[in-house]
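# Show me how the following folds:
(one chain, ligands or ions: 1)
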Amino acid sequence: MIGIEVVPAPVSADAGGGSFVLDESTQIRADQAAIPVAEHLADAVRPLTGVALTVSSEPGASSEIALRLDGADRLGAEGYELDVTPDGVVLRAHEPAGLFHGVQTFGQLVQASVARGGGRCEVAGARISDRPRFAWRGAMLDVARHFFSVGEVKRFIDLAALYKLNVLHLHLTDDQGWRIAIDGWPELTRIGASTEVGGGSGGFYTKADYADLVRYAAARYMTVVPEIDVPGHSNAALASYPELNCDGNAAAPFTGTEVGFSALCVDKPVTYAFLEDVLGEIAAMTPGPFLHIGGDEAQTMTDEDYAAFTERVQKIVAAIGKRSVGWQELTAGPLERGTVVQYWNTGAGPAQAVEAVRRGAQVILSPADRAYLDMKYDGSTELGYDWAGYVDVRDAYDWDPATLIDGVEEADVLGVEAALWTETVAEIGDVETMAYPRLPAIAEVAWSPSGRRGWADFRLRLAAQETWWAAMGIRFHRSPQVPWR
Ligand code: TNX
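Presented below is the predicted three-dimensional model:
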C-alpha cells in the first residue's frame, strides 16, 4: 500500500503530520511564470470545496499555498515536490509543467479530504516527490470515424490531463472523414469532411479551431500530435480529389467500417505535392516536434511501393523540421533517423517493434490488448470491438512497458499511449465510458515506477476517485474489478 490515494502513484510519498485547513482565508501565491497554473488550481478547487482561492504573486495571507519554480534540476521538465503541512502548502518544480502535474496531485488530496466529509476541508499532511517514468504519455482520439466538436475534444483533453498525460494524438484523417482544413485543398473539407461512419454529417476543424485545441492542450502541458494517415486509410482524400486516384476517378465516399482497402497513388507526382502541402500546413500549425503519418494497414500495396512511399513521406516531414511517428507497419520500409514507431497489433506480434529498436528507433507502446480503449471491457460492454480480446481495467493496468516485449528495453520506450478508435463510439459520453477508468490505468503505467505500483493497491486508489468523477459528471464504467464505494 503506498499510503496515499493518488493516481498515478507518485515516486515517493510519506504521510506528514497533521493537516492543512483550506478555507476562504487561503491564498495561492505563485511566481509570476506560474500564475496560469495557480489559476488552474483555483478553478479545480472551487467546485470540489466551494472555496474561491485568490491568486497573487505577493506574500500576504497567513494561510498559503505556494507555487514555486525554484525546484531542483533533478525534478526534470515535469517533476515536482509537494509538501502539505499544517502551516501551509509548498509546491515546487523546475518547470511550469511540473507545477501543473503537482496541482493535479494536490487536487486529488483535496478531493480525498472532501470525500472523507466533515465539512471543513482538511488536507492530510504529505510529503511527495514525483516525476514521470516515460516522456510520452499519450491519449489518442479518432475524430475521423466519428467527428467530435472542439468542445468535446477539450473535454477529452481535461480527462487526460487529470492523470498527467502529456500527449494528445488526434487521428485526423481516415477512410470515413477528413477533419482538418487545408488552404490549398478545399475539397478535403467540402467533400472529405462530410461523411462519417454510419452516415452522420461529419465535420472538421478550421485552422482557428485547431489553434484553439493546440492552445487548450498547451495550457494543460499537453502536446498535440496530429495524424494524417497515409498511404492507406485515405479514402476521404481520394473521394475529394479525382487526381489523387491512380485511375483519375474520385473514390466513392465511405461510411462503413472495413479497413485496408484504400491507398494513395504512389506513382503520381501529385500525391507528393499534396502531401507536401498538407504536412507543411499542419506542421505550421503544430508547435510540437512530431507529425504522425499513420502507415497502418496499407493492404493493397506492394512491399516495394509501400517502402518507397513511406521513405519519401518521412523525408518530407524531416525537411519541414519535424519527426515522424508511424504505426508499427512503418518498419517494413526504411526508417528515417528520429522516426518513432508505435506498436499496436498484438495479433501480428511485436516483431516490427523489435526490428525498429534494432535499427535504432524508439517505440511507443499501444498494445491493443492493453491500451486500446475501443476494446470491450467484457462480454456485457455494448460498444467497442473484441478483436484484441476484452480489456478490463486490470488488463489495461497490469503490465510493464520494459518487460512487455523481449528485445525492447526501458530506454527503447519513448512512452505509452492509450488509443480510442471510434467506429462504434459516436457520443462524448461514450468516449468517457470507454476511457474511464482505463485511461487512468494506462496513465499510471506510463508515469509511475514499476516498484511503486501494483494492482491490489491501484484498484483501491481508483475506487477512491469515484466521488470526484461523479462530481465532474464523468460517465465512467463501473468495472466489477474495482471496489467502488
Ligand atoms: C486497427 S490501430 C486500426 C484502426 C481501427 C482499429 C479498431 C491501427 C493502426 N489501425 O484503423 O480503427 O484497429 O480497433
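
# Next one: the residue in the stretch 301-450 of the chain positioned nearest to the ligand from residue 223, what distance?
In the stretch 301-450 of the chain, no residue comes nearer to the ligand than residue 421, which is 3.4 Å away by Cβ to the nearest ligand atom. From N, CA and C alone the C-beta is placed, and that goes for glycine too. Distance, residue 421 to residue 223, using Cβ to Cβ, to the nearest Å: 21 Å.

# Which one's more surrounded, those two?
Between residue 421 and residue 223, residue 421 has the larger neighbour count (other Cβ atoms under 10 Å), namely 24 against 18.

# looking at it, that one is touching residue 372, isn't it?
Yes. Counting by Cβ atoms under 8 Å, residue 372 is a contact partner of residue 421 at 7.1 Å.

# mind listing the strands for the stretch 351-485 of the chain?
Assigned by DSSP state E, counting those that start in this stretch, the stretch 351-485 of the chain shows strands spanning 362-365, 413-420.

# Return the most buried member of those.
strand 362-365 (a mean of 26; mean count of other Cβ atoms under 10 Å).

# what about dumping the CA coordinates of that strand to PDB?
Extracted C-alpha coordinates of strand 362-365, given in PDB (Å, rounded to 0.1, in the frame of the first residue of the first chain):
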ATOM      1  CA  GLN A 362      12.400   4.400 -30.200                       C
ATOM      2  CA  VAL A 363       8.900   2.900 -29.800                       C
ATOM      3  CA  ILE A 364       5.600   4.000 -28.300                       C
ATOM      4  CA  LEU A 365       3.600   1.100 -26.800                       C
END
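
# For it, name the packing helices and strands.
Helices and strands touching strand 362-365, as assessed by 3 or more Cβ pairs under 8 Å, 6 or more residues apart in numbering; DSSP states H and E, comprise strand 340-343, helix 351-358, strand 413-420.

# of all the ones you listed, which lies closest to residue 239?
Closest approach to residue 239 among the helices and strands packed on strand 362-365 is made by strand 413-420 (24.4 Å; Cβ to Cβ).

# Quick check, pLDDT for the nearest residue to residue 71 once chain neighbours are set aside.
Nearest residue to residue 71, sequence neighbours excluded (Cβ to Cβ, 6 or more residues apart in numbering): residue 92, at 3.8 Å. Looking at residue 92, its pLDDT is 97.

# elements contacting the helix or strand residue 92 falls within?
Using DSSP states H and E, residue 92 sits within strand 88-93. In terms of contacts (3+ Cβ pairs under 8 Å, 6+ apart), strand 88-93 is packed against strand 63-68, strand 80-85, helix 96-116.

# Could you figure out how far it is turned away from helix 96-116?
In terms of direction (axes from the mean of the first three to the mean of the last three Cα atoms, to 10 degrees), strand 88-93 departs from helix 96-116 by 140 degrees.

# got the contact list for strand 88-93?
20, 63-71, 75, 79-83, 99, 101-103, 106, 123 (Cβ atoms under 8 Å, 6 or more residues apart in numbering).

# Quick one: buried ones out of the residues you listed?
20, 63-67, 69, 71, 75, 79-83, 99, 101-103, 106, 123 (16 or more other Cβ atoms under 10 Å).

# Go back to those and keep what's next to the ligand.
Here nothing survives when the buried ones among the contacts of strand 88-93 are matched to the ligand using Cβ under 6 Å from any ligand atom.

# Report how many residues lie close to residue 247.
Neighbour tally, residue 247, other Cβ under 10 Å: 8.
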